[in-house]
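J.: My questions concern the predicted model and sequence given below.
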Number of protein chains: 2
Amino acid sequence: MLQDPPRHKSSAFVPHDLPTPLRGAAGGPLSGLTAAVKDMFDIAGERTGAGNPTWLSTRSPATTTASAVARLLAAGADIIGKTVCDEFFFSIAGVNIHYGTPVNARAPGRLPGGSSSGSAAAVGAGACDLALGSDTGGSVRVPAALNGIYGIRTSHGRVSVGGAMAMAPSFDTVGWFAAGPGLLRKLGPVMLEGSGDPTPLRRLLLATDAFTEADEAVQTVLWSFVGRASAVLPGLEEVVVAPEGFEPWRASFRTIQGREIWAIYGDWIERNKPKLGPGIAERMAYAATLTAADEAPARAIAERARHHLRRLVPAGTVLVLPTVPSIAPKLTASAEALDAFRSRTMALTSIAGLGGLPQVNLPAAQVDGYPVGLSLMGAAGTDEMLLDLAVALGPYCGG
Amino acid sequence: MLQDPPRHKSSAFVPHDLPTPLRGAAGGPLSGLTAAVKDMFDIAGERTGAGNPTWLSTRSPATTTASAVARLLAAGADIIGKTVCDEFFFSIAGVNIHYGTPVNARAPGRLPGGSSSGSAAAVGAGACDLALGSDTGGSVRVPAALNGIYGIRTSHGRVSVGGAMAMAPSFDTVGWFAAGPGLLRKLGPVMLEGSGDPTPLRRLLLATDAFTEADEAVQTVLWSFVGRASAVLPGLEEVVVAPEGFEPWRASFRTIQGREIWAIYGDWIERNKPKLGPGIAERMAYAATLTAADEAPARAIAERARHHLRRLVPAGTVLVLPTVPSIAPKLTASAEALDAFRSRTMALTSIAGLGGLPQVNLPAAQVDGYPVGLSLMGAAGTDEMLLDLAVALGPYCGG
């Protein structure tokens, strides 16, 4: 195993970090800006670690650079480091027992959220201007919300996952973080492939059942935000997103995700028996037990959910919902508390996962001084419209 | 008096805000980014308020747009609002009794600092990507430090103050804020006039007497930051900045500042008798008492300080010091506590004021979860080198 260099940079970065920054192309729209990259994207010459040192120790240096990273470099951004993530991206807590939990600079004593924990923490702390993450079941949206920054999960298929490690390919998307709304948007033309759906914003739907999932204090500040921002929004309509409740969707998402991650990493895990952190070990063990017989009904539910969501949120419609139902859990949260946080949160984050929909987190408000995020979810392909809406709503953020 | 429109945007913005955003030029380096502007810079067609409603009520709409604002627009940034500031820029607390105190999203229950309070709060909260402020005796550096973001006070004379209200012209400078280091730097070529001094970084001086002015906890986290970042820094040398102590410098700064602000606003204040908030009223009253006999010795001390500083910090040397000696005061701080905060802080901030030197705040660390800033001060004209150094040190920020 290679010797890791001494670690001096902030807790957001992995010990097997880049030896020196990678310089972006001159003259691009992101020139002079600095970016960090979740340690699931290949960078030529570097080992990609997936948050787990055993995985890292069995890897060779990548021979090519992931498409999303290459796009950042071509647009002029300098890549200044590789960030810590939850092991195999299989957690939204942001805890990493091997490399330490990245410090959430905006929520002292609280978790950063994950799995793109270090990317969000780095942007939240000002360690860099922007950062790359991935989002399967909330891994960009959750840490964006908990760190009080902007984050986008793109439409499924809108940004190539080439050169990035897979997690659950049915849901895997690339996303990014920025502290300001214009910078979040500025990455749109850099990262998004294809021309997108140009339908303008026409309808705004408030997801009442999603709001009900959130803590009362979270609901209060987000309703207040929506009320203040109504000046720049079209008429708001209330809607129930999941008439039969979120639980069947969440359960189907969990089953499919488990089947897919085990199909990818199961063999390696059985052979190498890596040490996995709390929660992740249990979820991998659970994934190993899932069968094709579990998967079939889950796929059927997922397909119905996808159909329902694509009808509920056509192009030109935006669904407004809490990103995460609570503020960040404490660093000292028990395993049970983290399980509950995961269940409640994934009731909300699996919606876009199942629909393949883009979703943007705004750092809308605070509860007890801790960040609370509001989400904008749109039809597949309307990522650009969501980014524009985030910019229009920016001035209402901050209390 | 004009009727103010209803206020919905965040607390960082003034009630007499822009009716609609001003669109930046297409294709510039800042295109797509959003900026807020301290309500001391003229914007054609708008009244400039200086944080005081009586002043606002006696103003006509500006006929031209301030040079610094025009530079932002020409570089492509959209101006999305005008921000709250301390009245007549004569406080570093960030309290405004007329418009409310902008919420410091990164320091719940604490002041944002001033006088560019709303500009820093807007960037800290993600309401916009960047913001314009001014710095005479700390008005960019202090709120940058307290809001946990980057901020630069430029070399005196490096950015035109044309179209901006004056405060104390001997010391007035334009500055800006950003949440990330690359974006802070990206404004350099946009804003800085002339070619700058190209001398590269050669020496780093740690201002031991400036560190001693700070709370022990602040010293501890900043020393730790400097230690961690030493990998990318040239050899560090300890230095005493003010062999006779900071007090004579601070006192001379205060006297000159008082004489200059009264020369500008004294007549208007005596005629209009505006209501001024606590601290500001007292300082204006004090300024009114100052005489030419007070000013002469203060000018002599200031001239010696300037000479001393320009020898101590030649081009290629950077002085490292705490930006502010403590975390942000509580919202409920007493007048006495705020006076003490002001005195302690201005012992550090008057250094660059007297020297006409550029200074950059980094969001280096936290104490009890509240932001603490580290400053880099350089020779006049070396703003670009400081911005590059801030980018190099970025990855060490965040704990």
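T.: Thanks, I have it.
J.: tell me which element the residue nearest to residue A:84 when sequence neighbours are not counted falls in.
T.: Leaving aside its sequence neighbours, residue A:84 sits nearest to residue A:118 (C-beta to C-beta, 6 or more residues apart in numbering or on different chains; 3.6 Å). The way it works is simple: take the backbone N, C-alpha and C, and place the C-beta from them, glycine included. Residue A:118 is part of helix A:117-125 when elements are defined by DSSP states H and E.
J.: quick one: the very next helix or strand once past that helix near chain B?
T.: Downstream of helix A:117-125, the next assigned helix or strand under DSSP H and E is strand A:130-135. Yes: counting by C-beta under 8 Å from any C-beta of the partner chain, chain B is contacted by strand A:130-135 at residue A:130.
J.: Who are the packing partners of strand A:130-135?
T.: Using 3 or more C-beta pairs under 8 Å, 6 or more residues apart in numbering or on different chains; DSSP states H and E, the elements in contact with strand A:130-135 are strand A:34-38, helix A:67-74, helix A:117-125, strand A:173-178, helix A:181-191.
J.: Packing partners of the next helix or strand after the last one?
T.: It stands for helix A:181-191. With elements assigned by DSSP H and E, the helix or strand that comes after helix A:181-191 is strand A:203-207. Here strand A:203-207 touches strand A:236-239, strand A:317-322, going by 3+ C-beta pairs under 8 Å, 6+ apart.
J.: gap between the longest one and the chain center?
T.: Right, the one you point to is strand A:317-322. 17 Å (C-alpha atoms, centre = their mean, to the nearest Å).
J.: What lies in contact with it?
T.: A:201-207, A:210-211, A:213-214, A:218-219, A:222, A:226, A:236, A:239, A:241, A:312-313, A:348, A:351, A:372-379, A:385-386, A:389 (C-beta atoms under 8 Å, 6 or more residues apart in numbering or on different chains).
J.: Which of the residues you listed fall within strands?
T.: Using DSSP state E, the subset of these located in strands is A:203-207, A:236, A:239, A:372-378.
J.: Which residues does stretch A:299-308 contact?
T.: With C-beta under 8 Å, 6+ apart, stretch A:299-308 has contacts from A:170, A:242, A:248, A:249, A:251, A:252, A:253, A:256, A:354, A:355, A:356.
J.: sorry, that was for stretch A:13-25
T.: So stretch A:13-25 is in contact with A:2, A:4-5, A:7, A:9, A:30-31, A:33-34, A:36, A:39, A:43, A:46-47, A:49, A:56, A:72-84, A:99, A:118, A:122, A:127, B:395, going by C-beta under 8 Å, 6+ apart.
J.: Now it: average pLDDT?
T.: Per-residue pLDDT values over stretch A:13-25 give a mean of 96.
J.: Likewise for stretch A:337-346?
T.: Stretch A:337-346 carries an average pLDDT of 97.
J.: which parts of the stretch 201-350 of chain A sit against chain B?
T.: The stretch 201-350 of chain A has residues A:228, A:229, A:230, A:231 near chain B, with proximity defined as C-beta under 8 Å from any C-beta.
J.: So what does the second one look like in phi/psi?
T.: I take that to be residue A:229. With angles defined as degrees, to the nearest 10, residue A:229 sits at phi -80, psi 0.
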